[in-house]
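Engineer: Give me coordinates for this.
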Amino acid sequence: MIHLRLRRYLPFALFVAALLFSRVTGLAQEEEAAKAPGGQSIIETVKEGGPLIILIWCAIVLTSVTMVTFIIQNIMSLRKNKLAPPPLIAALQQTILNGNYQEAWETCNANRNYLANVLKAGLTRLGRGKEAVEDAVAEHGLREATMLRTRNSYLSVIGVVSPMIGLLGTVIGMMGAFRVLAGSGISDPRALSGKIGEVLLATASGLFIAIPAFVSYYVFRNVSQMCIVHADDVVNSLLIDIPFDELDGVQVGENFNAGAAQGGEGGARKVSMALTTACPICNGAITPGVNPCPHCGSTLDWQE
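Structural biologist: Alright, predicted model coming up:
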């Protein structure tokens with residue numbers, strides 16, 4: 001199933017595919033007109049091929065449009081700044097440094113990209129320990145990477161299918177050529193050459209789509225791998241300094257719960273004095289130095 005985001009790129013893809021197709025068709029018509037004045041155009045040749053040839057050419061055009069659409073989508077989405085936007089990285093670094101993990105989760109929840117989705121999964125399991133967080137990050141990282149690779153793999157499918165479509169047109173065209181040869185022999189070379197031209201045009205069209213599809217597939221496969229590695233490095237760098245032992249029992253996410261942090265000196269949380277807006281446990285408004293939090297009752301160990 002084509003991803004819903006493709007709708008955004010479909011009009012431009014249609015324009016590019018139509019432009020390329022019209023250019024190729026125009027060159028073929030110019031060459032044909034130069035060699036055989038008064039000959040049939042490509043459109044007329046396709047029409048004379050019958051319903052099957054028309055259907056095959058519709059499939060070729062649709063395949064080319066789909067290929068251009070996927071290429072445009074990959075160009076727009078497979079970038080390091082898309083998977084891990086620098087402004088988002090800076091915001092999460094400051095939030096996590098201040099110990100406000102609930103706010104970091106809300107920041108990730110408000111964004112839809114590789115970094116936000118993977119880090120959000122890790123923050124959700126923050127109170128279960130370091131190993132649980134690492135497992136969540138690895139699991140969701142693999143899921144996000146698979147989605148990126150799946151969209152790119154459609155280009156490989158197009159690269160395989162398009163020559164088959166052209167080959168089908170070739171077989172049907174050859175059948176027509178042999179029918180002409182059987183009916184009139186070599187007395188009508190014009191009709192025979194028309195059928196052979198139809199065969200070659202179908203084959204060339206399939207290859208014209210397959211070659212850029214395969215090249216784009218391998219290029220975007222390598223690009224996606226580099227972007228995924230970069231985003232994974234960012235996620236690991238954001239999680240490396242989190243004090244997992246101090247966060248035992250905390251539930252970050254939609255059902256936020258400060259857990260063992262509430263009450264008692266043993267559950268005190270270290271908080272930077274630079275935090276001036278919200279409690280890192282409940283995200284409630286708080287003044288630096290206030291202890292405990294007036295909202296959730298958590299004991300805070302304010303640090304200079």
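Engineer: Tell me the buried residues in stretch 124-131?
Structural biologist: 124-128, 130 (16 or more other CB atoms under 10 Å). C-beta coordinates here come from the backbone N, C-alpha and C atoms, glycine included.
Engineer: what's in contact with that stretch?
Structural biologist: Residues outside stretch 124-131 that contact it (CB atoms under 8 Å, 6 or more residues apart in numbering) are 101, 105, 132-133, 135-136, 242, 244, 247-253, 259.
Engineer: Quick check: PyMOL command selecting the buried ones in these.
Structural biologist: Restricted to buried positions by 16+ other CB under 10 Å, the PyMOL selection for the contacts of stretch 124-131 reads:
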select buried, resi 101+105+133+136+242+244+247+250+251+252+253+259
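Engineer: and the gap between residue 51 and residue 57?
Structural biologist: 11 Å (CB to CB, to the nearest Å).
Engineer: Please enumerate the shared neighbours of those two.
Structural biologist: If you check residue 51 and residue 57 against CB under 8 Å, 6+ apart, no residue is contacted by both.
Engineer: Pick out whichever of these two has more residues nearby.
Structural biologist: residue 57 (20 against 7; other CB atoms under 10 Å).
Engineer: which stretch of helix or strand covers the more buried one?
Structural biologist: Per DSSP states H and E, residue 57 falls inside helix 51-77.
Engineer: Following the chain past that helix, name the next helix or strand.
Structural biologist: Toward the C-terminus from helix 51-77 - assigned by DSSP H and E - lies helix 80-83.
Engineer: What is the following helix or strand past that next one packed up against?
Structural biologist: Using DSSP H and E, the helix or strand that follows helix 80-83 in sequence is helix 86-97. Contacts defined by 3 or more CB pairs under 8 Å, 6 or more residues apart in numbering; DSSP states H and E place helix 86-97 against helix 101-109, helix 114-124, helix 189-239.
Engineer: so which of these gets nearest residue 159?
Structural biologist: Nearest to residue 159, of all those, is helix 189-239, at 3.8 Å by CB to CB.
Engineer: quick one on the thing from earlier: please render the buried residues of stretch 124-131 as TSV that adds distance to residue 299 and pLDDT to the earlier fields.
Structural biologist: Converted to TSV, the buried residues of stretch 124-131 look like this (distance: CB to CB, whole Å; pLDDT from 0 to 100):
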residue	distance to residue 299	pLDDT
124	24	89
125	24	88
126	18	85
127	17	82
128	22	85
130	23	87
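Engineer: possible to save the residues you listed as JSON lines with distance to residue 292?
Structural biologist: Formatted as JSON lines, the buried residues of stretch 124-131 follow (distance: CB to CB, whole Å):
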{"residue": "124", "distance to residue 292": "25"}
{"residue": "125", "distance to residue 292": "26"}
{"residue": "126", "distance to residue 292": "21"}
{"residue": "127", "distance to residue 292": "19"}
{"residue": "128", "distance to residue 292": "25"}
{"residue": "130", "distance to residue 292": "27"}
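Engineer: With just CA atoms, put stretch 52-60 into PDB.
Structural biologist: The C-alpha trace of stretch 52-60 is given here as PDB (Å, rounded to 0.1, in the frame of the first residue of the first chain):
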ATOM      1  CA  LEU A  52      -3.900  -5.200 -24.400                       C
ATOM      2  CA  ILE A  53      -1.200  -2.800 -25.700                       C
ATOM      3  CA  ILE A  54      -3.200   0.200 -24.400                       C
ATOM      4  CA  LEU A  55      -3.500  -1.400 -21.000                       C
ATOM      5  CA  ILE A  56       0.200  -2.200 -20.900                       C
ATOM      6  CA  TRP A  57       1.100   1.400 -21.800                       C
ATOM      7  CA  CYS A  58      -1.200   2.600 -19.000                       C
ATOM      8  CA  ALA A  59       0.600   0.400 -16.600                       C
ATOM      9  CA  ILE A  60       4.000   1.800 -17.800                       C
END
